[in-house]
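S.K.: What shape does this take:
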Amino acid sequence: MPLLNVSEPQTTTVEINGFPCRVWSKGSGPKVGFLAGLGGLPRWLPFLDRLAESRTVIAPSLPGYPGAAGHTELDSHLDWVLAVRQLIDKTGLAGADLIGASVGGAFAAEMAAIFPGHVRKLVLIAPFGLFDDKEPATDPWAQRKDVLPGMMCATAARWNELVAQPDGANSIEWPIEMTRASEAAARAFWPLGNTRLEKRLGLIEAPTLILWGEADAILPRSYARKFASGIGKSARIETVTGAGHLAYLDQPDAVSKAALAHLG
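M.R.: Predicted coordinates:
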């Protein structure tokens, strides 16, 4: 299924720390928020369309990611957490279900831990936030451009489709925007992706599904077990076959089906 084979969502904007952040929404039914992984959301995705068949999907762009600005104002991990809290509040997601992937997954977990009343149920897709020096994560910011797609997705073309210049985008500005997205993620997580999140996992009360691509080349599979162990009895793990780090790009139907079954 090509990433381009989707219809357009509604676009609004919220202000975070004086900077605009794009918010996409589509569908009907109970709200579910989505915080995207590395690369952000340069375009609406088949995964989000599947969710929107039975849910109102709200996908805010994190500061610095495609559609948003203001990442240079965020100097600490606390700054990032509070910016995401503002996004959750201003987009009407407080108390709703939340899905987070990769770097967005780390922030989704922070929301559930620090602001438990803000998250009803939680889905984490290969989230950042932990580090084990015995099984170190792969540094995505240290990869050659030709190698990165195969590390992001089991099918490299999925990453290439995600970051390709959208129709109507300025050919000069678009590469700058994607570089800015990488910089924003690096400000929050480089060099090791470690935000000491393990200290807060036990505070998560929301029933949590942890999804992990079987071919994840960024985060070792053992990190899924670390998340589940840290959260406790309310967490369980499912493996997504035929998927890499950004499993929702590789297997949108399987990931959306698992997420919706968990959210109920």
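
S.K.: so residue 190 makes contact with residue 141?
M.R.: Yes. Assessed by Cβ atoms under 8 Å, residue 190 is found in contact with residue 141 at 5.7 Å. For the C-beta atoms, the positions are set from N, CA and C on the backbone; glycine is no exception.

S.K.: Let me see the ranges of the strands in the chain.
M.R.: Taking DSSP state E, the strands of the chain run over residues 10-16, 19-27, 31-35, 56-60, 96-101, 119-125, 208-213, 235-240.

S.K.: what's the angle from the second one to strand 56-60?
M.R.: Pointing back at strand 19-27 there. 160 degrees (axes from the mean of the first three to the mean of the last three Cα atoms, to 10 degrees).

S.K.: Can you give me the buried ones in strand 19-27?
M.R.: For strand 19-27, the neighbour count (16 or more other Cβ atoms under 10 Å) marks 19, 21, 22, 23, 24, 25, 26, 27 as buried.

S.K.: got JSON lines for those, with pLDDT too?
M.R.: Below are these laid out as JSON lines (pLDDT from 0 to 100):
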{"residue": "19", "pLDDT": "97"}
{"residue": "21", "pLDDT": "98"}
{"residue": "22", "pLDDT": "98"}
{"residue": "23", "pLDDT": "98"}
{"residue": "24", "pLDDT": "98"}
{"residue": "25", "pLDDT": "98"}
{"residue": "26", "pLDDT": "98"}
{"residue": "27", "pLDDT": "97"}
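
S.K.: before we move on, back to that, compare the strands of the chain and report which one is nearest to residue 227.
M.R.: Comparing the strands of the chain by their distance to residue 227 (Cβ to Cβ), the top pick is strand 208-213, with 5.3 Å.

S.K.: contacting residues around the closest one?
M.R.: Strand 208-213 is contacted from outside by 112, 121-127, 154, 219, 221, 224, 227-228, 231, 234-240, 243-247, 250-251, 255, 258-259, 262, using Cβ atoms under 8 Å, 6 or more residues apart in numbering.

S.K.: Kindly recompute the last result at 6 Å.
M.R.: With contacts defined as Cβ atoms under 6 Å, 6 or more residues apart in numbering, strand 208-213 is touched by 122-126, 224, 227-228, 231, 234-235, 237-240, 243-244, 247, 262.

S.K.: tell me which residues of that strand are tucked away?
M.R.: Going by neighbour count (16+ other Cβ under 10 Å), the buried part of strand 208-213 is 208, 209, 210, 211, 212, 213.

S.K.: and the fourth one, what are its bridge partners?
M.R.: Counting by DSSP bridges, residue 211 is bridged to residue 125, residue 238.

S.K.: Other residues contacting the helix or strand bottoming out on mean pLDDT in the chain?
M.R.: One helix or strand of the chain scores below all others by mean pLDDT, DSSP states H and E: helix 173-189, with a mean of 90. Here helix 173-189 makes contact (Cβ under 6 Å, 6+ apart) with 38, 40, 64, 65, 66, 71, 80, 103, 128, 141, 163, 165.

S.K.: count of residues packed around the closest residue to the second one other than its chain neighbours?
M.R.: In space, and not counting its chain neighbours, residue 40 is closest to residue 65: 3.3 Å by Cβ to Cβ, 6 or more residues apart in numbering. Burial of residue 65, expressed as a neighbour count using other Cβ atoms under 10 Å, amounts to 28.

S.K.: residues in contact with residue 65?
M.R.: Listed by Cβ under 6 Å, 6+ apart, the contact set of residue 65 reads 40, 181, 184.
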